[in-house]
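# Build the 3D model from these lines:
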Amino acid sequence: MESSGSILVVDDQKNMRTTTALLLRDEGYEVAEAGSVEEAVGLLGARTFDVVLTDLKMEPLDGLELLKRAGTLAPNSQVIVMTAYGTIESAVEAMRRGAYDYVTKPFKEPELLIRVAKAVERRRLLSQVSLYAEDFRRRYGLKAIVGQSAVMQRLESQLARAANSDATVLIQGESGTGKELVARAVHALSKRSDKPFVAVNCAAMTETLLDSELFGHAKGAFTGAIKARRGLFEEADGGTLFIDEITETALGFQAKLLRAIQEHEIRRIGESTSVKINVRLVAATNQDLQLAVAEKRFRGDLYYRLNVVPLRVPPLRERGEDVPLLAQHFLSRYNERSGTQRLLSAEAIEHLCGWSWPGNVRELENAIERAAALAEADELKPHDFPFGLEPTLPATSALGTAALAAGAPVSLADAIDAAERAAISASLARNPGDLAQVARELAVSSTTLWRKMKRHGLMR
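Predicted structure coming up:
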């Protein structure tokens, strides 16, 4: 019959130890016994136990010493201490030092069995969390960042060094470069990898909603707050909080975020007391934060708090040698999901390398998936990737188009306008109907985008 769990009973009184072990064995537990701390340490070094049930008062070493050693030898084993009724303060001290629970002698059998069962369940939950953490490390570590170019090797080296500390990280890069993937790698390589990774996109929320989402709220704090709610800062406690599109936040929110970083505490909306937090913060933006500070759109003090460890994710045009590697990676992933055997022809790879990829890695991934889904043959050819087959001539007007096409000289202002119009047009084509995404991709505000679209005659 399968064991209910493994228990180590530690007590220097043989009768008490034997009686407790028999009770647990009758409940289906696999039980080992130890009459001293030294004997218990030897057993902990030889095998794994779900629960260590130990008396506090033992000679020459007591239960607190065993608790300390168990924390090193078997950190996931749950320790329950047994103590006489008159020395409960000793049990409280043991819990402060990391014990899971305590039970007073003489204990009632049902009480002990309930506490042991809960401890075993907690031990198994911790094992599952460890498995998830290992899966996270495997999926989002450095191996998840595909690239062999010099700029990517430099980024990976900086990332690995940054992950070893608890310093705040600021990731900057154009839209579609993989900033969240870098943030997940920072978490996966850190000592916090077995704790939560929580991500939030500021561009998708209003200031009020973002306040509630990150800091939480009390019941009745505002209309619709029918019950108290923990915020993402508390959800990420012990782990990493990733705040994407940080430049899209309002100045009022930035002040609250600055205080949370400085004081390591937050206050839920509608509450007067603060809650201590232990969170590693990673922020990301596709805009120039220094420019945003100069334009008074972003607090300078918050910028310096965030920019402790800066990481720049290069656009795909700066690492063109990674395009074939990335294309094959995305195609292999598509084949695995779809059960297909699509291949990239040499001509298709050459065609992909000739494109500028204004949408970066995200655009390449979408292009591969679209071609793999629609291609008539297993081997993908250049015609399966319709972009770039004919040159696009940017212009601000019909006159500008004719001048550029004819190779006629144009002013620098006209050339800049032409490039700007082409960039907006390309982004509109990639994100039909989603002006918010276009603004994020081009690293401008929605108001600026609307004004430029109107000037270039691109309003729809």
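# now the strands for the stretch 201-350 of the chain?
Ranges of strands within the stretch 201-350 of the chain are 240-244, 265-266, 275-276, 280-285, 309-312, 343-344, based on DSSP state E, counting those that start in this stretch.
# Near M82, how many other residues are there?
Neighbourhood size, M82 [other Cβ atoms under 10 Å]: 23. Yep, even glycine has a C-beta here, placed from its N, CA and C like the rest.
# what's the closest non-adjacent residue to it?
Excluding the flanking residues, the one nearest M82 by Cβ to Cβ, 6 or more residues apart in numbering is D55, at 4.9 Å.
# Would you list the phi and psi of that neighbour?
Main-chain torsions, D55, degrees, to the nearest 10: phi -70, psi 150.
# secondary structure element for the closest residue to N307 other than its chain neighbours?
Closest residue to N307 apart from its sequence neighbours, by Cβ to Cβ, 6+ apart: L170 at 4.8 Å. Element membership for L170 (DSSP states H and E) is strand 169-172.
# Which strands border that strand, and is each parallel or antiparallel?
Its sheet considered, strand 169-172 pairs with strand 280-285 (parallel), strand 309-312 (parallel) by DSSP bridges.
# mind checking how far it is from the chain centre?
The chain centroid and the centroid of strand 169-172 are separated by 13 Å, computed with Cα atoms, centre = their mean, to the nearest Å.
# Check what contacts that strand and list those residues.
Residues outside strand 169-172 that contact it (Cβ atoms under 8 Å, 6 or more residues apart in numbering) are 162, 179, 182-183, 186, 281-286, 289, 306-313.
# mean confidence for it?
Across strand 169-172, the average pLDDT comes to 96.
# So which bits of the very next helix or strand once past that strand are buried?
Note on strand 169-172: by DSSP H and E, the next helix or strand toward the C-terminus is helix 179-188. Across helix 179-188, burial judged by 16 or more other Cβ atoms under 10 Å covers K179, E180, V182, A183, R184, A185, V186, H187, A188.
# Just put those residues in TSV and tack on pLDDT.
Below are the buried residues of helix 179-188 laid out as TSV (pLDDT from 0 to 100):
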residue	pLDDT
K179	95
E180	92
V182	94
A183	94
R184	91
A185	91
V186	93
H187	92
A188	89
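# For these, give me CSV that also has distance to L442.
Formatted as CSV, these follow (distance: Cβ to Cβ, whole Å):
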residue, distance to L442
K179, 16
E180, 19
V182, 21
A183, 22
R184, 25
A185, 26
V186, 26
H187, 29
A188, 30
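# From those, pick the one nearest E420.
E420 has its nearest neighbour among the buried residues of helix 179-188 in K179, at 23.8 Å by Cβ to Cβ.
# Now for that closest one: which residues touch it?
Shown in contact with K179 (Cβ under 8 Å, 6+ apart): I171, Q172, G173, D244, A284, N286, V313.
# Give the burial count for T206, as a bare number.
Count around T206 with other Cβ under 10 Å applied: 10.
# Can you give me the distance of it to L449?
Distance of T206 to L449, given as Cβ to Cβ, to the nearest Å: 19 Å.
# Then L325?
Distance from L325 to L449, by Cβ to Cβ: 33 Å.
# which of those two has more neighbours?
More neighbours surround L449 than the other of L325 and L449, with 21 against 15 (other Cβ under 10 Å).
# Is it correct that the more buried one falls within a helix?
Yes. The assignment for L449 by DSSP: H, G, I helix; E, B strand; the rest coil puts it in a helix.
# partners of the residue positioned nearest the centre of the chain in the sheet?
Centroid-nearest residue in the chain: F197, 3.6 Å away (criterion: Cα atoms, centre = their mean). On the basis of DSSP bridges, F197 is bridged to T240.
# Local confidence estimate at it?
For F197, pLDDT reads 91.
# got it, and the one 5 residues further on?
Reading off the per-residue confidence, C202 sits at a pLDDT of 90.
# buried stuff in stretch 107-121?
By neighbour count with 16+ other Cβ under 10 Å, stretch 107-121 contains the buried residues L112, L113, R115, V116, A119, V120.
# Which ones among these lie within helices?
L112, L113, R115, V116, A119, V120 (DSSP state H).
# which ones are touching the second one?
Residues touching L113, when contacts are defined by Cβ under 8 Å, 6+ apart, comprise L23, L24, E27.
# Relative to T177, how far out is it?
55 Å.
# So V103: helix, strand or coil?
Going by three-state DSSP, the secondary structure assigned to V103 is strand.
# Bridge partners for it, pull those for me.
Going by DSSP bridges, V103 forms beta bridges with M82.
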